[in-house]
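A.B. asks: generate coordinates for the sequence data below:
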Amino acid sequence: MRLHVRGRRLPDETAIELWIVDGRISTEPVAGADTVFGAAGAGWILPGLVDAHCHVGLGQHGAIELDEAIAQAETERDVGALLLRDCGSPTDTRSLDARTDLPRIIRAGRHLARPKRYERGFAVELEDESQLPAAVAEEARRGDGWIKLVGDWIDRQTGDLAPLWSDAVLKAAIEAAHAHRARVTAHVFGEDALPGLIKAGIDCIEHGTGLTDDTIALMLEHGTALVPTLINVENFPGIANSAVRYPIYAAHLRKLYASTYPRVAAAREAGVPVYAGSDAGSTIRHGRIADEVEALKRIGMSATEALGAACWAARRWLGWPELDHGASADLLCYSEDPRCGPAVLSRPDLIILRGEMFRG
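C.D. replies: Down below sits the predicted model:
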């Protein structure tokens, strides 16, 4: 199949023409290609969207059957999310890589946590924190270049959020990950776990609702990225309301919720790289990356910058190509400007994945 598309690319809005042959992009004309988009030279062409915090293979109670994981991936594909950074899943989804009709998945293996310090059934639970460096090495072998730590969670003895790991163990674990050429990210809601994680050399923070001026400065110093999962943070008030046995924790969550947008905005304004992730897979349904893009506008991002956080900028961060000559033909075509909002962004007119066409 030989295809031809034309339109405008973002962020520079220049006119482009692409040809697709054998599942690859060509920026040079290919004879005999069928023009399937942009016959009048109008429209927009993007690389496939990125959900940088997604959980294919995770359900509300942990592992799910593979056919359900496939349905999750199909939902992401149908809204144009063609590259997923899977931030922890108890289901082994590596067999999905053979499915050319599904998005590409960058896996972080399983969450790493302590007993009773995360959602039941989600994580590998380590009895002794000294096991963390070895566990990181194991998950690095199972994943695709990322490791997911649980940085903080409720400590039922104190009744509030608290770190799971000592600073020394974190440093050893992150060094082990980097030795295996894997980057590390961590779930963090509160304030106290952030300094140890960032100083230990962690590559990314998920959520980051407890950011302070000091930890923002540390992130800048260490080159740490942020994926704030803003649409999932909208669950904080409901979680707080259900935590009647832990009033300190509930009050803390409400405080964090109230300060989330100003704190994430301060990080972005300071220069911390911010990327879009929906946290789909347990409480957030799949296929909502466009809603996260919309939420990023509330931290001061322009429509173009917010879209880039889920597209070209996120691809560069993850080391994946955009609309380059020779790259896999994973792209989206829109008749309307995809920066107009979720109603447009989540409904591409044409999805091309590995050179095969899917209608939005």
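A.B. asks: gap between residue 42 and residue 6?
C.D. replies: 9 Å (Cβ to Cβ, to the nearest Å). C-beta here means a position set from N, CA and C on the backbone, and glycine is covered the same way.
A.B. asks: between those two, which is the more surrounded one?
C.D. replies: Neighbours were counted for residue 42 and for residue 6 using other Cβ atoms under 10 Å; residue 6 has more, 20 against 13.
A.B. asks: which stretch of helix or strand covers the nearest residue to residue 320 once chain neighbours are set aside?
C.D. replies: Closest residue to residue 320 apart from its sequence neighbours, by Cβ to Cβ, 6 or more residues apart in numbering: residue 83 at 5.9 Å. Using DSSP states H and E, residue 83 sits in strand 81-86.
A.B. asks: which elements pack onto that strand?
C.D. replies: Other helices and strands packing on strand 81-86, by 3 or more Cβ pairs under 8 Å, 6 or more residues apart in numbering; DSSP states H and E, are strand 49-54, helix 66-78, strand 104-107, helix 312-318.
A.B. asks: strand partners (parallel or antiparallel) of it?
C.D. replies: Partners of strand 81-86 in the sheet, by DSSP bridges, are strand 49-54 (parallel), strand 104-107 (parallel).
A.B. asks: so what touches it?
C.D. replies: The contact list for strand 81-86 (Cβ atoms under 8 Å, 6 or more residues apart in numbering) reads 47-57, 73, 76, 93, 103-108, 146, 277, 287, 289, 314-315, 318, 320, 330, 332, 351, 353.
A.B. asks: and that strand, what's its mean pLDDT?
C.D. replies: Mean pLDDT, strand 81-86: 98.
A.B. asks: same check, this time on stretch 341-359
C.D. replies: For stretch 341-359, the per-residue pLDDT averages 96.
A.B. asks: about what we covered before: using CSV, lay out the helices and strands packed on strand 81-86 together with mean pLDDT, mean neighbour count and distance to residue 252.
C.D. replies: Converted to CSV, these look like this (pLDDT from 0 to 100; neighbours: other Cβ atoms under 10 Å; distance: least, Cβ to Cβ, whole Å):
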stretch, mean pLDDT, mean neighbour count, distance to residue 252
strand 49-54, 98, 30, 22
helix 66-78, 98, 19, 31
strand 104-107, 97, 21, 31
helix 312-318, 98, 19, 30
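A.B. asks: ok, residue 183 touching residue 177?
C.D. replies: Yes: counting by Cβ atoms under 8 Å, residue 177 is a contact partner of residue 183 at 7.1 Å.
A.B. asks: more neighbours, these two?
C.D. replies: More crowded of residue 183 and residue 177, by other Cβ under 10 Å: residue 177, with 25 against 22.
A.B. asks: name the element the more buried one belongs to?
C.D. replies: Residue 177 belongs to helix 167-179, assigned by DSSP H and E.
A.B. asks: beyond that helix, next helix or strand please.
C.D. replies: Downstream of helix 167-179, the first helix or strand assigned by DSSP H and E is strand 183-188.
A.B. asks: what is that next one packed up against?
C.D. replies: Partner elements for strand 183-188 (3+ Cβ pairs under 8 Å, 6+ apart): strand 146-150, strand 152-155, helix 167-179, helix 194-199, strand 204-207.
A.B. asks: where's the residue nearest to residue 203 when sequence neighbours are not counted relative to residue 166, distance?
C.D. replies: Excluding the flanking residues, the one nearest residue 203 by Cβ to Cβ, 6+ apart is residue 183, at 4.0 Å. According to Cβ to Cβ, residue 183 stands 21 Å off from residue 166.
A.B. asks: please apply the same query to residue 37.
C.D. replies: 54 Å.
A.B. asks: more neighbours: these two, which one.
C.D. replies: The residue with more neighbours, out of residue 37 and residue 166, is residue 37; 24 against 13, by other Cβ under 10 Å.
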